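*Asks:* Got a predicted model here, sequence first, then my questions.
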Amino acid sequence: MFFGGGFPSSNVHVYSNGRMRYTYQQRQDRRDNQGDGGLGVFVQLMPILILILVSALSQLMVSSPPYSLSPRPSVGHIHRRVTDHLGVVYYVGDTFSEEYTGSSLKTVERNVEDDYIANLRNNCWKEKQQKEGLLYRARYFGDTDMYHRAQKMGTPSCSRLSETMKSLENFW
């Protein structure tokens, strides 16, 4: 039906009461009622066209963030800056100083610090998972060397997160 036809309408073998009957069906009446096929095809393709249009418009409305936590020359974030409150290093583009001043700069720096803390939490969780996995394997296999390595394994993101949270508590 999608391609304007439907199921084939020629010879059909029908079984009833154990016997095969041969019937011939013609579906000409449906094709006669379709009329102009151009409008029908357009109506069938309309949802796809709307989906493509909405997708293209949404791409135009999305803008890249004004900062990055690491240098990204492909986006233009090459100028190093540091937040006033936590001292988080972030990178911006050429026109950042002109576009963001006063309260808008404070908002951006708050977002930078929030992203930094979220990244630290995520990395801390990953480091703990790695350490716990190594400890579990060491216990399972009875490997004392692996167990000692797992015990000594550091979690630098967790340490930085703890320091950052302490400086936040001292601020408030």
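*Replies:* Thanks, I have the structure now.

*Asks:* Give me the number of neighbouring residues for Phe42.
*Replies:* For Phe42, the tally of surrounding residues (other Cβ atoms under 10 Å) stands at 11. In short, each C-beta sits where N, CA and C put it, glycine included.

*Asks:* element containing it?
*Replies:* Here Phe42 sits within helix 37-61, counting by DSSP states H and E.

*Asks:* going on from that helix, what's the next piece of helix or strand?
*Replies:* In N-to-C order, the element after helix 37-61 by DSSP H and E is strand 67-68.

*Asks:* Next one: Thr95 from His79, what distance?
*Replies:* Separation of Thr95 from His79 (Cβ to Cβ, to the nearest Å) stands at 10 Å.

*Asks:* who's more crowded, these two?
*Replies:* Remark: of Thr95 and His79, His79 carries more neighbours, 15 against 11, as counted by other Cβ under 10 Å.

*Asks:* That one against Asp94, yeah?
*Replies:* Yes - with contact defined as Cβ atoms under 8 Å, His79 counts as touching Asp94 (7.1 Å).

*Asks:* For these two, list the residues in contact with both.
*Replies:* Contact criterion Cβ atoms under 8 Å, 6 or more residues apart in numbering; residues shared by His79 and Asp94: none found.

*Asks:* Select the longest helix from this protein.
*Replies:* For the chain, the helix with the greatest residue count under DSSP state H is helix 103-141.

*Asks:* next helix or strand past that helix?
*Replies:* Next element after helix 103-141 (DSSP H and E): helix 144-152.

*Asks:* burial count for the closest residue to Gly154 other than its chain neighbours?
*Replies:* Closest residue to Gly154 apart from its sequence neighbours, by Cβ to Cβ, 6 or more residues apart in numbering: Glu127 at 7.9 Å. Residues lying near Glu127 (other Cβ under 10 Å) number 17.
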